[in-house]
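> Here is a sequence together with a model predicted from it:
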Amino acid sequence: MADSSKTEKATPRRREQAFERGGLPRSRELSGTVALLTVVAVLSWILHGWPGQWRNLFNGSLVAGSGELGPDTPLFRMAGLTLLRSVAPVLGAAWVAACATMLAQGGIKMAPAALTPKATRLNPASHLKQLYSVQGLGRIGKSLVPAAFIAYLGATILWRERAVLGHLTDAAPGQFAPWLFQRIYEISWKSCAVLLVWAILDFVLQRRTFETNLRMSKQEVKDENKQSEGNPAIKRRIRQLQRQMRRRRTLKAVREATVVITNPTHYAVALRYEMESMPAPVVVAKGCDRLALEIRSIATWEGIPIVENRPLAQLLYRSVEEGAVIPAKLYVAVAEILAFVFQMQSRTGAGRRR
């Protein structure tokens, strides 16, 4: 009986785990039935050429029988070719049909967990227990249903031909053989049709049972999401630590700045420029609101010049990432600020050499 709490569809991870264990919604009867139906169809197509092939083989064997038979006798090659022409199309078509049916049911998947040898699989007692269990008896009963339909079809066809059956004893072999092959072919394709319908129903039931067994409760879905994506609390803590590390790295980089350009309070961008080694100024740190105040505080403590330029500070903050060189369109504006800073430092002599 299905658990009423399992109302959610299976997640991709749950399906992957089921496939790894060898769970796949597949009907064994469907592949066999399609292969058998293909054999019947191919036989009805090539059967008319068989009498001539086997007649030639029989005549050749009579001719070769007068001499000594050996491995190099053409009779052996003729027999092999005749057998190959008769059997190869049938077996090839059945194999292709069976493989196509398996692919249509979900493909061929390797399940290492299902292929691992276990002692219970080699124990005859466990197989007998499965045979006489409720599931084993259910499988036996399920196989008897199409067998009963096929028996009914055969009896119906024979009852329909009861008038012909009474005169077959007086019929010539040339008349009896075609009638017999026609009845065998009729019983075969109708039986295959019954088996095909039954196999399709079995596949639908197998798929429905598979989906029902894979259903999950809401708590199981939450637990799996935590395992695959991580605990939300842990993820928040990781993001918080990452922000703290970025903040410490930013504030540490401010100590290497040449000038800090502010908004004056909302934005702060720290630039570093070495005339001898750097082709253009670099944004070493930037921040807004609280981080901007901290950048200003460190700059004040370290004696780094702070210049107020609202448009330039906003533009640098929005368009340039930390560690990147400023764009060429801002060279003139930044150069004016740096020239002013260098001029003031040269006059006072209190600035650090940049």
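Perfect, I can see it now. Numbers count the residues shown, from 1 in each chain.
> tell me how far stretch 249-257 is from the chain's mean position?
48 Å (Cα atoms, centre = their mean, to the nearest Å).
> Could you do stretch 294-311 as well?
Going by Cα atoms, centre = their mean, the spacing between the C-alpha centre of stretch 294-311 and its chain's C-alpha centre is 56 Å.
> Residue 287 reaches residue 295, doesn't it?
Yes - Residue 287 lies in contact with residue 295 (Cβ atoms under 8 Å); the separation is 5.3 Å. (Glycine included, C-beta is placed from N, CA and C.)
> Need the overlap of contacts for these two.
250, 268 (Cβ atoms under 8 Å, 6 or more residues apart in numbering).
> So which of those two has more stuff around it?
residue 295 (27 against 23; other Cβ atoms under 10 Å).
> Now that one: phi and psi?
phi -60, psi -40 (degrees, to the nearest 10).
> Over to residue 262?
Geometry field for residue 262 lists phi and psi as phi -120, psi 180, criterion degrees, to the nearest 10.
> Look at the residue nearest to it when sequence neighbours are not counted and tell me its secondary structure.
In space, residue 262 comes closest to residue 268 once its chain neighbours are excluded; the distance is 4.9 Å by Cβ to Cβ, 6 or more residues apart in numbering. Judged by DSSP: H, G, I helix; E, B strand; the rest coil, the three-state class of residue 268 is strand.
> right, and residue 268 touches residue 261 too?
Yes - between residue 268 and residue 261 a contact is recorded at 7.4 Å, counting by Cβ under 8 Å.
> Overlap of the contact sets of the two?
residue 313.
> which helices and strands does the host helix or strand of residue 212 pack with?
Taking DSSP states H and E as the criterion, residue 212 maps to helix 173-214. Under the contact criterion of 3 or more Cβ pairs under 8 Å, 6 or more residues apart in numbering; DSSP states H and E, the helices and strands touching helix 173-214 comprise helix 12-20, helix 28-46, helix 134-160.
> tell me the mean pLDDT over the longest one?
Right, the one you point to is helix 134-160. The pLDDT scores in helix 134-160 average 78.
> How many residues are close by residue 27?
Neighbour tally, residue 27, other Cβ under 10 Å: 20.
> which ones are touching it?
Under the criterion of Cβ under 8 Å, 6+ apart, the neighbours of residue 27 are 105, 199, 200, 202, 203, 206.
> re the thing from before, roughly how far out does the helix holding residue 212 sit from the chain middle?
Centroid displacement of helix 173-214 relative to its chain, using Cα atoms, centre = their mean, is 32 Å.
> Any buried residues in whichever strand or helix holds residue 241, and which?
Residue 241 is part of helix 232-254 when elements are defined by DSSP H and E. Buried positions in helix 232-254, judged by neighbour count with 16 or more other Cβ atoms under 10 Å: 250, 251, 253, 254.
> still on that earlier bit, right, so of the helices and strands packed on helix 173-214, which gets closest to residue 324?
For residue 324, the closest of these is helix 12-20, at 39.6 Å, according to Cβ to Cβ.
> so which one among the contacts of residue 27 has the lowest pLDDT?
When it comes to pLDDT, residue 105 is the least confident member of the contacts of residue 27, at 72.
> burial of it, as a residue count?
Other residues near residue 105 number 18, with proximity taken as other Cβ under 10 Å.
> Does it touch residue 28 like I think?
No - with contact taken as Cβ under 8 Å, residue 105 and residue 28 are classed as non-touching, separated by 9.9 Å.
> Can you verify my assumption that residue 187 contacts residue 154?
Yes - Residue 187 is in contact with residue 154 according to Cβ under 8 Å; the separation is 5.5 Å.
> Tell me who's in contact with the residue nearest to residue 191 when sequence neighbours are not counted.
Distances taken as Cβ to Cβ, 6+ apart put residue 150 closest to residue 191, at 4.6 Å, once the chain neighbours are dropped. Under the criterion of Cβ under 8 Å, 6+ apart, the neighbours of residue 150 are 191, 194, 195.
> and residue 195, how many neighbours does it have?
Under the neighbour criterion other Cβ under 10 Å, residue 195 is assigned a count of 22.
> right, and it touches residue 35 too?
No - at 10.8 Å, residue 195 and residue 35 do not qualify as touching, with contact defined as Cβ under 8 Å.
> Three-state assignment for residue 316, please.
Secondary structure of residue 316, reduced to three states by three-state DSSP: helix.
> burial count for it?
24.
> Also the one 10 residues further on?
The tally of other residues near residue 326 (other Cβ under 10 Å) stands at 21.
> pretty sure it is in contact with residue 280, am I right?
Yes - contact criterion Cβ under 8 Å: residue 326 and residue 280 qualify, at 6.1 Å.
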